[in-house]
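Visitor: Structure of the sequence below:
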Amino acid sequence: MQKVLFPYGKEKLSYSFNEEELIGVLESLINEYVPEKKGEELVIEAMQNPVGSPPLYELARGKKKVVIIASDHTRPVPSKVIMPEMLRQIRKGNPDAKITILIATGCHRGTTKDELVNKFGKEIVDNENIYIHDCADEKMLVNLGTLPSGGDCEVNKIACEADLLVAEGFIEPHFFAGFSGGRKSVLPGVAGRTTVLANHCSEFIDSPFARTGNLENNPIHKDMLWAAKAAKLKFVVNVVLNAEKEVIFATAGDTEQAHKKGTDFLSKLCAVEAKESDVAISTNGGYPLDQNIYQAVKGMTAAEAVVKENGVIIMVAASNDGVGGDDLYHQLADERDITKTMAKFLARGRNETEPDQWEAQILLRILMKARVIYVSQVEDKIVEDMHMIPAHSLEEALNKARKILGKEKITINAIPDGVSVIAKKI
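Guide: As a prediction, this is how the structure comes out:
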């Protein structure tokens, strides 16, 4: 028997597999990578040796309005490690700079004060000026032109009016943008809803280039990079995390060049290949990325890549925050024929995208390939409404998978962290 641990909220689910059935445990080499220094030291070193840019303190000289874009509560960015050094360097360059920390919520709900304290620590929350972006607040948006997708590029006014715009973030494989981090702080981070919808249009989501680990010819990445340049994002501090959410790599400097350094590092560690299996079990890496169904679609795409046609995906995600959006729920639940819903999405133009359509579209694509058993805390009916099969343990899920497949002996790929791998079938 081989025991595998699957992150689930702030805990881990353990399961011992028959080794004849378990044909692969797909893990990136991130967790085997041992950095020479601690996370805080890696961040400081990266900021002292920026890629394609002067140091942050030099950029801050003479700048009165400095804005730091920071990720929201749905991202495990170690802001307690990154933010103090960014603030220190900015004030080293200009002690009188007016600094605003702009929370990049994208189209997510607003971050609560408790979540801010958990993210930054009480000292920063009590003493720094923090503004939470709202993609629907039109009076706080500035139009910066037309995206390559044809949509309006609307970005938060605070970011646009900055004398110096910088960002913190982390880089991981992303299921349609290729990788997170870098330019993504602006779009979707602090962009208007209209801009996000245009970028996430069905045509782009359907592109074979809009896939995990790919930036080349990726139309979604092109839009994001254009927006970051239009907003004049000058400097980023991005990190790579292991499964314990510890910093193992840091990169800083020019938005595009520093980001590429990070994605090159990740690409070498995250690519995994496997034979197709009857069942693929994946997760979203636990808290905070598995707080809802919306986010969990990401981890499902890793399983999608290695499961057989008409196979079964078991998605393990606590989802203590529920679905993650009424729009996503109704786009799935209001029509029982998933082929009709997919056809409706694909017929929409670039500027006709509806909120959360992209997540529904990808989930539909997955459901059209395999059945999905969802192990979570979500009410069974809600899971069923969204065309998935509810379960509350791995044992229950595997028993259901065997019944669906109609056989006792099955082949299984286990993916303990679906958002950390770039999975491909052999």
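Visitor: Before we go further, His108 is sitting in a strand, right?
Guide: No: the assignment for His108, made by DSSP: H, G, I helix; E, B strand; the rest coil, is coil rather than a strand.
Visitor: Number of residues surrounding it?
Guide: Around His108 there are 20 other residues, counting by other CB atoms under 10 Å. No exception for glycine: its C-beta is placed from N, CA and C like everyone else's.
Visitor: could you pull out the helices for the stretch 251-400 of the chain?
Guide: 255-270, 293-306, 326-333, 338-346, 357-367, 380-385, 394-405 (DSSP state H, counting those that start in this stretch).
Visitor: Could you dump those into TSV and include mean neighbour count?
Guide: TSV is the format used below for the helices of the stretch 251-400 of the chain (neighbours: other CB atoms under 10 Å):
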stretch	mean neighbour count
helix 255-270	20
helix 293-306	26
helix 326-333	19
helix 338-346	15
helix 357-367	22
helix 380-385	15
helix 394-405	17
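Visitor: For the ones you listed, give me JSON lines that also has distance to Ile130.
Guide: Shown next, in JSON lines, are those (distance: least, CB to CB, whole Å):
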{"stretch": "helix 255-270", "distance to Ile130": "22"}
{"stretch": "helix 293-306", "distance to Ile130": "23"}
{"stretch": "helix 326-333", "distance to Ile130": "27"}
{"stretch": "helix 338-346", "distance to Ile130": "36"}
{"stretch": "helix 357-367", "distance to Ile130": "27"}
{"stretch": "helix 380-385", "distance to Ile130": "33"}
{"stretch": "helix 394-405", "distance to Ile130": "40"}
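Visitor: what angle separates the helix or strand harbouring Leu13 from helix 394-405?
Guide: Element membership for Leu13, per DSSP states H and E: strand 11-17. Strand 11-17 runs at 50 degrees relative to helix 394-405, counting by axes from the mean of the first three to the mean of the last three CA atoms, to 10 degrees.
Visitor: Go through strand 11-17 and flag the buried ones.
Guide: Judged by neighbour count using 16 or more other CB atoms under 10 Å, the buried positions of strand 11-17 are Leu13, Tyr15, Phe17.
Visitor: And stretch 281-297, by the same measure?
Guide: For stretch 281-297, by 16+ other CB under 10 Å, it's 281-297.
Visitor: With stretch 57-69 instead?
Guide: Quick answer for stretch 57-69 (16+ other CB under 10 Å): Tyr57, Leu59, Ala60, Lys63, Val66, Val67, Ile68, Ile69.
Visitor: show me what contacts Met140?
Guide: His133, Asp134, Asn156, Lys157, Ile158 (CB atoms under 8 Å, 6 or more residues apart in numbering).
Visitor: In this structure the third one contacts Asn143, no?
Guide: This means Asn156. No: the pair Asn156 and Asn143 does not pass the contact test of CB atoms under 8 Å, sitting 11.8 Å apart.
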